[in-house]
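K.L.:
from the sequence below, what's the structure:
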Amino acid sequence: MSDRIDSDAGRDGATPGSGRNLPPLRLHVPEPKFRPGDTADFSDFDIPPAGAQARPDEAAQPGEMRDLAYGLVRVLDGDGVAVGPWDPKLPAETLLKMLRAMALTRAFDARMFRAQRQGKTSFYMKSAGEEAVSIGAALALASDDMCFPSYRQQGILIARGWSIIDMMNQIYSNKGDRLKGRQLPIMYSAREAGFFSISGNLTTQYPQAVGWAMASAARGDTRIAATWCGEGSTAEGDFHSACTFASVYRAPVIMNVVNNQWAISSFSGFAGAEATTFAARAIGYGIAGLRVDGNDALAVYAATRWAADRARANAGPTLIEHFTYRVEGHSTSDDPSAYRSADEASHWPLGDPIARLKKHCIGLGIWDEERHAAMDKELAEMVRDAAREAEKNGILGHGLHHPMESMFEDVFEEMPWHLREQQQAMLDEWKAAGL
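P.N.:
Here you go, the predicted model:
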């Protein structure tokens with residue numbers, strides 16, 4: 001066997017390949033289709049008609065449903081009619097509850113965004129255009145299933161009937177804040193609502209959710225876990241670690257990827273969207289993968305219910321990509337006009353989730369424009385009154401709302417000696433400074 005590696009190697013000091021007539025290697029750098037000043041055009045998007053995707057049995061093998069990771073599960077057609085095998089056929093009461101929760105989330109977002117602009121809090125993140133992702137899912141899960149959200153799923157708490165005053169207290173970090181000002185505004189925690197503490201570190205909630213689901217199965221419990229992340233976060237190692245454990249142990253977990261096209265200022269191509277769908281990442285792990293119209297609340301509900309039934313049947317995890325669009329900036333600290341076309345949101349082909357569900361309810365004869373307008377007015381007033389009540393507990397700029405020593409509390413069941421020493425040293429410094 002020859003040790004020769006290349007015909008040019010070792011001849012007259014030549015390096016391997018130096019004599020070949022080869023083009024230079026190049027890196028591909030993803031580039032969004034539209035930049036500031038461009039006119040957005042999504043006409044090349046492959047959007048299948050509503051009702052076109054098959055609905056497999058919940059216990060089917062992942063290899064039998066590969067197409068669902070590349071298609072788009074849709075229920076509501078252009079006329080607002082629910083069609084196809086994924087139609088969950090929800091009763092009027094559930095449809096109107098879903099619509100109200102979505103409208104309340106949008107009203108809550110609007111009020112808290114305004115509060116940040118008024119200097120009452122330091123930070124806020126809207127979920128405008130993505131309300132169906134959290135609320136459709138929350139209503140499809142059992143009330144005691146554990147949710148491990150990212151920072152744009154406030155709709156889960158609202159759909160589960162959590163107090164918006166409590167949420168506002170946390171946003172203001174005031175004396176009514178159950179988290180005692182330790183969390184960034186919007187990083188809620190509500191154990192009683194099955195809502196795990198939000199983390200600012202990307203995708204840390206994924207392995208946490210898988211671990212919780214594994215523990216639930218190990219105990220012989222009946223509760224499952226669900227988790228959410230943005231499409232950009234799928235590039236984090238935690239995402240892939242979670243997929244490995246979920247696949248190997250068939251953990252009863254639903255892993256949601258919210259593909260809203262943009263991370264903070266980089267588009268989804270930097271996380272791999274140019275190569276394939278995010279739902280397709282499930283295939284390599286042997287996990288069931290669904291790609292869903294994230295602006296269709298009924299499709300989100302149906303996909304989540306399917307995945308939940310699959311998990312409870314011990315058939316394994318499901319990865320759901322919610323294909324949607326971030327209408328607003330990433331947060332109140334972001335200016336999207338600096339990196340994307342100003343008219344993108346108005347051209348988004350999948351429409352507004354609230355408008356689509358409203359149209360469906362009107363078509364069924366259970367709703368009308370007058371009642372919807374009255375509901376919007378009622379919710380705006382309710383959120384306004386809640387904000388006034390929460391602001392009685394304090395807002396940003398009113399000084400400290402919790403004792404200084406509280407920053408050392410609630411870490412351990414019993415405070416260890418070294419933290420007690422640090423706490424006392426801080427209090428001594430505070431006193432010496434005359435504060």
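K.L.:
hmm, residue 107 and residue 380 touching each other?
P.N.:
Yes. Using CB atoms under 8 Å, residue 380 makes contact with residue 107 at a distance of 5.2 Å. For the C-beta atoms, the positions are set from N, CA and C on the backbone; glycine is no exception.
K.L.:
the two - which one has more neighbours?
P.N.:
residue 107 (22 against 17; other CB atoms under 10 Å).
K.L.:
and that one, backbone torsions?
P.N.:
Backbone torsions for residue 107, taken as degrees, to the nearest 10, come to phi -70, psi -40.
K.L.:
the stretch 251-400 of the chain: strands as residue ranges?
P.N.:
253-259, 288-293, 318-323 (DSSP state E, counting those that start in this stretch).
K.L.:
and what of the stretch 51-200 of the chain?
P.N.:
Under DSSP E, counting those that start in this stretch, the stretch 51-200 of the chain gives strands at 146-148.
K.L.:
re earlier: compare the strands of the stretch 251-400 of the chain and give me the one nearest residue 76.
P.N.:
strand 288-293 (8.0 Å; CB to CB).
K.L.:
just give the nearest non-adjacent residue to residue 129, would you?
P.N.:
Residue nearest to residue 129 in three dimensions, not counting chain neighbours: residue 327, with 3.7 Å by CB to CB, 6 or more residues apart in numbering.
K.L.:
show me where pLDDT drops low in the stretch 51-200 of the chain?
P.N.:
Applying pLDDT under 70 to the stretch 51-200 of the chain flags no residue at all.
K.L.:
what's the neighbour count on residue 102?
P.N.:
Residue 102: 26 neighbours (other CB under 10 Å).
K.L.:
ok, it - contacts?
P.N.:
131, 132, 135, 155, 297, 353, 354, 357 (CB atoms under 8 Å, 6 or more residues apart in numbering).
K.L.:
residue 211 now?
P.N.:
Residue 211 neighbours (CB under 8 Å, 6+ apart): residue 245.
K.L.:
got the buried residues for the helix or strand in which it is found?
P.N.:
Taking DSSP states H and E as the definition, residue 211 sits inside helix 205-218. By 16 or more other CB atoms under 10 Å, the buried positions in helix 205-218 come out as 205, 206, 207, 208, 209, 210, 211, 212, 213, 214, 216, 217.
K.L.:
please tabulate these in CSV, including the columns pLDDT and distance to residue 70.
P.N.:
Below are the buried residues of helix 205-218 laid out as CSV (pLDDT from 0 to 100; distance: CB to CB, whole Å):
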residue, pLDDT, distance to residue 70
205, 98, 26
206, 98, 22
207, 98, 26
208, 98, 29
209, 98, 25
210, 98, 24
211, 98, 30
212, 98, 30
213, 98, 26
214, 98, 29
216, 98, 31
217, 98, 30
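K.L.:
okay, these in JSON lines with distance to residue 188 next?
P.N.:
Conversion of the buried residues of helix 205-218 to JSON lines gives the following (distance: CB to CB, whole Å):
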{"residue": "205", "distance to residue 188": "13"}
{"residue": "206", "distance to residue 188": "18"}
{"residue": "207", "distance to residue 188": "20"}
{"residue": "208", "distance to residue 188": "15"}
{"residue": "209", "distance to residue 188": "16"}
{"residue": "210", "distance to residue 188": "21"}
{"residue": "211", "distance to residue 188": "21"}
{"residue": "212", "distance to residue 188": "17"}
{"residue": "213", "distance to residue 188": "21"}
{"residue": "214", "distance to residue 188": "24"}
{"residue": "216", "distance to residue 188": "22"}
{"residue": "217", "distance to residue 188": "27"}
